[in-house]
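Trainee: kindly generate the corresponding structure for this input.
(2 chains)
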2 protein chains.
Amino acid sequence: MYPRKLTRAVISNHDYPVVETKAGRLRGLLEEDVFIFRGVQYAEAARYEMPRKVTPWEGTKEAVIYGPVCKEINTQIAHDEYNVPHYHYIQDENCLNLNIWTKHIDTGAKRPVMVWFHGGGYATGSSIELYAYDGMELAEFGDVVVVSVNHRLNCIGYLDLSGYGEKYKYTGNLGQADLVASLQWVQENIAGFGGDPGNVMIFGQSGGGGKVDSLLQTPAADGLYHKASIQSGLFAGGSDRLQKDAQALADLVVKNLGLTRETIEEIEKIPYYKLARAARKAEQEISEMLGRRVSWAPVKDDDYFMGSGLYNPFREETKHIPVLVGSVQGEFDQNYNNVFAEGSKNDWDDAFVDSLIEKIHGDKGQEIAAAYLKAYPMKRKVDCLFTNKSCRTASRDYAFLRAGQGCAPAYNWVFALECPLNNGTIAWHNAEEAYMFHNANYLEASYIPGVSERLQDIMTGAWVAFAKTGDPNHVGMRIWTPATRENGACMIFDEETYPAFHHDDELMELLPLRGVMPATNARKGLVKLGGGPRQSL
Amino acid sequence: MYPRKLTRAVISNHDYPVVETKAGRLRGLLEEDVFIFRGVQYAEAARYEMPRKVTPWEGTKEAVIYGPVCKEINTQIAHDEYNVPHYHYIQDENCLNLNIWTKHIDTGAKRPVMVWFHGGGYATGSSIELYAYDGMELAEFGDVVVVSVNHRLNCIGYLDLSGYGEKYKYTGNLGQADLVASLQWVQENIAGFGGDPGNVMIFGQSGGGGKVDSLLQTPAADGLYHKASIQSGLFAGGSDRLQKDAQALADLVVKNLGLTRETIEEIEKIPYYKLARAARKAEQEISEMLGRRVSWAPVKDDDYFMGSGLYNPFREETKHIPVLVGSVQGEFDQNYNNVFAEGSKNDWDDAFVDSLIEKIHGDKGQEIAAAYLKAYPMKRKVDCLFTNKSCRTASRDYAFLRAGQGCAPAYNWVFALECPLNNGTIAWHNAEEAYMFHNANYLEASYIPGVSERLQDIMTGAWVAFAKTGDPNHVGMRIWTPATRENGACMIFDEETYPAFHHDDELMELLPLRGVMPATNARKGLVKLGGGPRQSL
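Mentor: The predicted structure follows:
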């Protein structure tokens, strides 16, 4: 996605670079010292079919442009477009394709493979939705093989029609089955792209982190990956999506389409926009009926998917998988949409800050502020207003749970950088991604000269070390101890990166659990900074 | 669009950078040494209304992300996506916005202003459709103010409903009226962005070049610009879009919608997708009825628009405008879709090349090849197969016509670079844009180390010199003589840039006029290089 400033001619000839896959030959390109293959189909499926292997072809297919990304029910300019720049692309249901960045196309290279699952809940997003996802720099810096995956989402990836016949048994988890198929493709083909099929890390942020959590609890994925990273993908106060809810939602979709058990197969052929309209209406209806939000997500059917590790015992089969799990300090609670007041937070005077703290946190305000400064002694009092609880506690507890159940090490982290936007903004949901993709230099809202280069070397270095060995420690950072409930270990990524222990227990105890920040206070404008990040739930 | 590798923190604070416009304050950003304002609304209009001035606002609006781009009847992954990388963006009918790149936000700076009109015929595209359009480097290199404009297209910008009442009188030229409104906004506001409203250049490629040609013939635009550049925007064998054809197309759209003269106002409210469907059907119907293609374009009504300068006398009011006009050697006739054979053209042996020349050009083949080598002595014989006639002769003749009618100088050019794709591909439609936007380093298919840097300094330098003075000559290139039918002067932009005189008269005489190359011979693949560029007609 990033058209970097080139220093060499890009090579994309009919005969080089070409890689042989199980199904046929692919032609990519060589840019600087990284080979890129875009839009590589990893599976085939008609609507509501399980993914199946790609049909073999003769000759050489081109893999030089991105493949279509999944259809979305609604795509708008995101409220966080400035903070989290998007790369929009053509949407199509035929979206089972992946992208590869690698420095090698020989089978002897056997480099670690890092497979990225995008965010956007299970409803939106793509392998190339965010500029931060570009795999070029990560492949180059880490000498790893980077793969990013498109798969079916929303009402074509997670509509549970299991009540309508055996052929639809797993339709509630089709988007997950696509992810499994992508990992099977990686197993069978990645050696030709210089990757080691015996050393595959899956990683994802927000919904993508959720995908990693759920694959750990999915028997079909067992053996296809060896390390896992969950970034801002777990939320306190959430729950599994139960099959009865998923089926109830599907029933409403079917009803809104005017279909019945007898005519159900028509759902395979109706135009997507009609399906989407019925699905959107059904989402509203069921949320009103049940008094809680029911949307698109993997279905805990205790067959294909056993339910999130946050609410269910970890499976024996994946207890040996080491895990990185963490969150961003601000997430949805930063100030870029001026949630509490206008101007720059760092210009507010003490009295105004105190008045805001009292307004937001009431009697407990000063206690929270004190706990905040104890947790983050190098930050400002005002920032206690912009500190997230939901992702932080869920991520921390997930690490504790794995330790408590005898799993391989789980490493917990918080990304706490203050970014230069508006003269100082606590890092938001998605802000850490550019730092583990080594793309921090490219992002307007968050780049800090000197600081960003050092921090991305540390973070990308940790993710790459973890991909290689299952341990994120490397010589460029202080010692990162696996988390347990007893030690409360957490790595803080900030202008300085340092290990902490039980650093925010008191703060998290005191802070109220807030939902996603509403956009109601957003400044009037042509475009608004902030509001609930569309792609991030 | 290009997230360049940053070296400084980007500044976007609530109070800086802020510029006061006639309607209110705008907040942009300062990136390296260029101020950027994105998505700035320049006019307001409901569907089928003429554009009117922006309603003033209180406070400061944000202009840090791009505004929506015009709805398209159909958007696909372009066949030329690899050669001509696209930046897709959210589409909306409310699309009257522009983007600004400038090194100054003080009214004393008075730098030349370059206003870019995008291609895509009059049906598709946007101010940010192509990565090549990014204005950052041009603003920085040339110290000019770059503006790029979104406006209404296709059935909302060029549907001639004039037969349905006075209120719809100019609906066939609404997209043009938007362009005029953007230039009025520039007149009134650009000084605050460091621009000189007394020195505005309009430039565009393909459909954007057509827009420049038509504004020269549009009284409402008089006085709003001072220089004009038409790039690959004129085609031999074309014609004006007559009002009776435009009205006949509109009648079919109205009929397909089930509307009548009595109910016509409903067309202002129906969902765009229904309008688009009716419009697409109408386009097919009228083309079948008339045996020729009738689509979206400015309507020669001899009131708002006087018809292309290629077919009508130039207007006295704009004869003083100097013009740059040129085309690309390959345009639609290069080999990136393997139109004639597979492999790399530069690897074909002499006998095979001769057999192709005979196959394509018959008896005249060797004569054409000889004329080609006379025109381009530094190129290969095989390249006579990949040389465009339509844009080349129309652009040349347009320059001759202006000279013949006593207009200000017209400078003619051909961009003839061979690009590295597939081991050698003659430059395609759109290929020169990166060279006058100083973005050549970013484009995978065309970047040539050393050559591209030098050539973009020459070309961007010429465009900037032209914007400043109306004369493209600068010390970094050989002397460029204004074209007349007598001197046949043309600047050849290639690995070496040199002036030529009557260089390809014989070749153009001999070459057959071809249409846009069909994609039927395109190699089978996941994605196909080549085929008719979607955005380029």
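Trainee: any idea how far the spatially most central residue of chain A is from A:E331?
Mentor: Nearest residue to the geometric centre of chain A (C-alpha atoms, centre = their mean): A:Q205, 2.1 Å. Distance of A:Q205 to A:E331, computed by C-beta to C-beta, to the nearest Å: 11 Å. No exception for glycine: its C-beta is placed from N, CA and C like everyone else's.
Trainee: shared neighbours of these two, anything?
Mentor: Residues touching both A:Q205 and A:E331 by C-beta atoms under 8 Å, 6 or more residues apart in numbering or on different chains: A:S232.
Trainee: these two touch, right, the residue nearest to the centre of chain A and A:N430?
Mentor: Yes - with contact defined as C-beta atoms under 8 Å, A:Q205 reaches A:N430; the gap is 6.7 Å.
Trainee: shared neighbours of the two, anything?
Mentor: Joint contacts of A:Q205 and A:N430 (C-beta under 8 Å, 6+ apart) are A:119, A:232.
Trainee: so how far is A:G165 from the nearest residue to A:I270 once chain neighbours are set aside?
Mentor: Once flanking residues are discounted, A:I270 sits nearest to A:L257: 6.7 Å by C-beta to C-beta, 6 or more residues apart in numbering or on different chains. Remark: distance between A:L257 and A:G165 (C-beta to C-beta) = 16 Å.
Trainee: again with A:S206
Mentor: 33 Å.
Trainee: between these two, which one's more packed in?
Mentor: A:S206 (28 against 12; other C-beta atoms under 10 Å in any protein chain shown).
Trainee: and the nearest residue to the more buried one once chain neighbours are set aside, what does it touch?
Mentor: Leaving aside its chain neighbours, A:S206 sits nearest to A:G119 (3.3 Å; criterion: C-beta to C-beta, 6+ apart). For A:G119, the residues meeting the contact criterion (C-beta under 8 Å, 6+ apart) are A:125, A:129-130, A:204-209, A:233, A:430, A:535-536.
Trainee: try 6 Å
Mentor: When contacts are counted by C-beta atoms under 6 Å, 6 or more residues apart in numbering or on different chains, A:G119 is found next to A:125, A:205-208.
Trainee: do A:K389 as well
Mentor: A:508, A:511, A:513.
Trainee: so which residues on chain A come close to chain B?
Mentor: With C-beta under 6 Å from any C-beta of the partner chain as the criterion, chain A comes near chain B at residues A:3, A:5-6, A:8-10, A:13-14, A:39, A:61-65, A:77, A:81-82, A:88-90, A:131, A:343, A:420, A:422-423, A:441-442, A:444, A:447-449, A:525-527.
Trainee: the lengthiest strand in chain A packs against which elements?
Mentor: If you go by DSSP state E, chain A has its longest strand at strand A:195-205. Using 3 or more C-beta pairs under 6 Å, 6 or more residues apart in numbering or on different chains; DSSP states H and E, the elements in contact with strand A:195-205 are strand A:111-117, helix A:207-216, strand A:227-231.
Trainee: dump the shortest one to PDB, keeping only the CA atoms.
Mentor: What follows is strand A:227-231, C-alpha atoms only, in PDB (Å, rounded to 0.1, in the frame of the first residue of the first chain):
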ATOM      1  CA  LYS A 227       2.500 -18.500  18.400                       C
ATOM      2  CA  ALA A 228      -0.300 -16.100  18.900                       C
ATOM      3  CA  SER A 229      -0.700 -12.400  19.600                       C
ATOM      4  CA  ILE A 230      -3.900 -10.600  20.700                       C
ATOM      5  CA  GLN A 231      -3.800  -6.800  20.500                       C
END
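Trainee: now do it against strand A:111-117, angle only.
Mentor: 40 degrees (axes from the mean of the first three to the mean of the last three C-alpha atoms, to 10 degrees).
Trainee: which SSE is immediately downstream of strand A:227-231?
Mentor: Using DSSP states H and E, the helix or strand that follows strand A:227-231 in sequence is helix A:243-256.
Trainee: show me the contacts for the closest residue to A:M306 other than its chain neighbours.
Mentor: Spatial nearest neighbour of A:M306, excluding adjacent residues (C-beta to C-beta, 6+ apart): A:Q217 at 4.3 Å. Applying C-beta under 6 Å, 6+ apart, we find A:Q217 in contact with A:306, A:309, A:315.
Trainee: ok, now with 8 Å
Mentor: A:305-309, A:312, A:314-315, A:318.
Trainee: what's the neighbour count on the residue of the stretch 101-250 of chain A found nearest chain B?
Mentor: In the stretch 101-250 of chain A, no residue comes nearer to chain B than A:Y131, which is 5.6 Å away by C-beta to the nearest C-beta. As a burial measure, A:Y131 scores 20 neighbours (other C-beta under 10 Å).
Trainee: domain assignment for chain A?
Mentor: A:18-236+A:304-314, A:243-290, A:324-536 (automatic domain parsing).
Trainee: right, so these: which one is the most enclosed?
Mentor: domain A:18-236+A:304-314 (a mean of 22; mean count of other C-beta atoms under 10 Å in any protein chain shown).
Trainee: got the end-to-end distance for it?
Mentor: 41 Å (C-alpha to C-alpha, to the nearest Å).
Trainee: stretch A:199-219 too?
Mentor: Where stretch A:199-219 begins and where it ends lie 18 Å apart, using C-alpha to C-alpha.
Trainee: off-centre distance for it?
Mentor: From the chain centre to the centre of stretch A:199-219 is a distance of 9 Å (C-alpha atoms, centre = their mean, to the nearest Å).
Trainee: would you confirm that A:A427 contacts A:C419?
Mentor: Yes - with contact defined as C-beta under 8 Å, A:A427 reaches A:C419; the gap is 5.9 Å.
Trainee: mutual contacts of those two, please.
Mentor: The contact sets of A:A427 and A:C419 overlap at A:S446 (C-beta under 8 Å, 6+ apart).
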